[in-house]
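**Q** Sequence below, structure please.
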Amino acid sequence: MEKVQTVEGRAIPFGRKNVDTDLIIPARWLKTTSREGLGAGAFESVRANDPDNVFDSEEFSGAPILVAGDNFGCGSSREHAAWAMLDLGIRAVIAPSFSDIFAGNAFKNGILTVALPQAQVDRLLEVAKTDPITIDLDAQTVTTPFQDRFTFEIDPFRKHCLIEGLDEVGLTLTRDDAISRYENRLSADKPWLVRGTAAAA
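**A** Residues are numbered from 1 along each chain as shown. The predicted structure is shown next:
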């Protein structure tokens, strides 16, 4: 996955609370196993019911940040929600709180979730209407052009993985030398296991 170090630019001011994964990507889009093209279905009902919605606004086209309300990503565990947001161009979400499952899916797909107090989120919703926002993952800060500076907490392991762009496969590959040493030792100590694996393959 792509590295996440600094996310900056316009932010979509969508402060709705209790946004569930069905609102993020409706169930009818779940028939695909591809991550591509799901952005077209992201927040479909919001876009269909409000012609002036922020997701179709030219002003926020390509915005990499979403500012949302409390309990973002609740509902079902569909990973398609994270895929759809990535396809829409969103690399970070700021909200007072997140569903644990959504936050996990977002992390595994390289989306940074930033939890801030409601008052700070309210301030960012106002700034987002006119000006860019900057998230510095290394410093763990969210800043604005108006000298706002908010700090956030993040699990150190998740921070490391996001900064380095490491998903599960990438993490495994960082242990490539140790894996190779183990396989070489296994081949020398128990060659029948290696031969059996090769024969089965």
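
**Q** residue ranges with poor pLDDT in this structure?
**A** Counting by pLDDT under 70, the chain contains low-confidence ranges at 169-173, 175, 195-201.

**Q** let's see 80
**A** 32-34, 167-184, 186, 192-201 (pLDDT under 80).

**Q** Pop the domain breakdown of it in here.
**A** Domain assignment for the chain, taken from automatic domain parsing, gives 6-165, 167-201.

**Q** can you list the ones you listed in a markdown table and add mean neighbour count?
**A** All C-beta atoms are positioned from the backbone trio N, CA, C, and that covers glycine. As requested, those are exported to a markdown table (neighbours: other CB atoms under 10 Å):
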| stretch | mean neighbour count |
| --- | --- |
| domain 6-165 | 18 |
| domain 167-201 | 10 |
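
**Q** what about stretch 59-68, distance to the chain center?
**A** The chain centre lies 13 Å from the centre of stretch 59-68; the measure is CA atoms, centre = their mean, to the nearest Å.

**Q** can you start the count at 55 instead of 1 from here on
**A** In the new numbering, first residue 55, that becomes stretch 113-122.

**Q** So what are the sheet partners of the helix or strand encompassing Val61 and their directions?
**A** Val61 belongs to strand 60-63 when assigned by DSSP states H and E. Its sheet considered, strand 60-63 pairs with strand 187-190 (antiparallel) by DSSP bridges.

**Q** Provide the strand pairings for the following helix or strand past the strand it pairs with, with the direction of each partner.
**A** Per DSSP H and E, the first helix or strand lying C-terminal to strand 187-190 is strand 195-197. In the sheet, strand 195-197 lines up against strand 187-190 (antiparallel), strand 203-205 (antiparallel) (DSSP bridges).

**Q** what packs against the lengthiest helix in the chain?
**A** Longest helix in the chain by number of residues, with DSSP state H as the criterion: helix 230-243. For helix 230-243, the contact count by 3 or more CB pairs under 8 Å, 6 or more residues apart in numbering; DSSP states H and E identifies helix 245-254 as packing neighbours.

**Q** Not counting the helix or strand encompassing Cys215 itself, show me its contacts.
**A** Taking DSSP H and E as the criterion, Cys215 maps to helix 210-218. Contact partners of helix 210-218, identified using CB atoms under 8 Å, 6 or more residues apart in numbering, comprise 57-59, 161, 164, 166, 191-192, 194, 220-221, 224-225.

**Q** Now Leu142: closest residue in space that isn't a chain neighbour?
**A** Nearest residue to Leu142, sequence neighbours excluded (CB to CB, 6 or more residues apart in numbering): Gly93, at 4.0 Å.

**Q** where does that neighbour land in three-state SS?
**A** helix (DSSP: H, G, I helix; E, B strand; the rest coil).
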